[in-house]
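Asker: here is the input, now give the coordinates:
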Amino acid sequence: MNRLSPQRIWLGLASIAAGLVIASLILTAWLHLHPCYMCIFQRLMFMLLVPLALLAVFASARFARLVAIVVALLAAAAGAGVAGYQIWIQAQPAAQFSCTGNETPSMIEHLVSWLGEKVPMLFLADGNCGDKALVILGLSLAAWSLIAFIFALFAGFWALIMARRQNG
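Answerer: Residues are numbered from 1 along each chain as shown. Below you'll find the model as predicted:
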């Protein structure tokens, strides 16, 4: 593997995503944070990025690698979209918007609720999406999450372009 090979980029993305998941779990426990449905969904997308990025490196079949890359990019895009929406909610006057914006639970809320019942330590959502419970260097955790997802998107596309150039 050369210094900036697609494999190293995917390994780096897997490591960063795993680190962010671990950091979110530590911060939640240490600072007694109450993650919301959107926070948990973003955590889930980072958790999904880890095995997908590893598959992009280690899958022996080219088709399996391509599927892993496409799904990883979709997960990063979904995470970025949810993080961006959460940032927008946080910018609104308090209690003006809920996590979903309506009375009917969204697919995200259904998924996170189901996961929270199965593995509450990882997926229990008991916070409000509009709360900025923790601000680091002037940015909410949702903003930092958006930055990480955008980075993952750019790095993933860069790795994909590099791989296509190498394979001619």
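Asker: list the strands paired with the worst-scoring helix or strand of the chain on mean pLDDT, with their directions.
Answerer: Among the helices and strands of the chain, strand 135-136 carries the lowest confidence by mean pLDDT, DSSP states H and E, at a mean of 78. Strands flanking strand 135-136 in the sheet, each with its direction: strand 139-140 (antiparallel) (DSSP bridges).
Asker: which strands and helices sit next to the next helix or strand after the strand it pairs with?
Answerer: On the C-terminal side of strand 139-140, the closest following helix or strand by DSSP states H and E is helix 141-167. Contacting helix 141-167 under the criterion 3 or more C-beta pairs under 8 Å, 6 or more residues apart in numbering; DSSP states H and E are the following elements: helix 6-30, helix 37-58, helix 62-91. (Each C-beta comes from the backbone N, C-alpha and C, glycine too.)
Asker: tally of neighbours for Ala59?
Answerer: Taking other C-beta atoms under 10 Å as the neighbour definition, Ala59 ends up with a count of 16.
Asker: sorry, slip of the keys, the one I care about is Leu54.
Answerer: Around Leu54 there are 19 other residues, counting by other C-beta under 10 Å.
Asker: and what of Ile16?
Answerer: What Ile16 shows, counting by other C-beta under 10 Å, is a neighbour count of 18.
Asker: ok, Arg65 next?
Answerer: Residues lying near Arg65 (other C-beta under 10 Å) number 18.
Asker: just give the closest residue to it, not the sequence neighbours.
Answerer: Closest residue in space to Arg65, ignoring its immediate chain neighbours: Ala59 at 4.5 Å, by C-beta to C-beta, 6 or more residues apart in numbering.
Asker: the one you found and Ile69 touch, don't they?
Answerer: No: counting by C-beta atoms under 8 Å, no contact exists between Ala59 and Ile69, whose distance comes to 9.6 Å.
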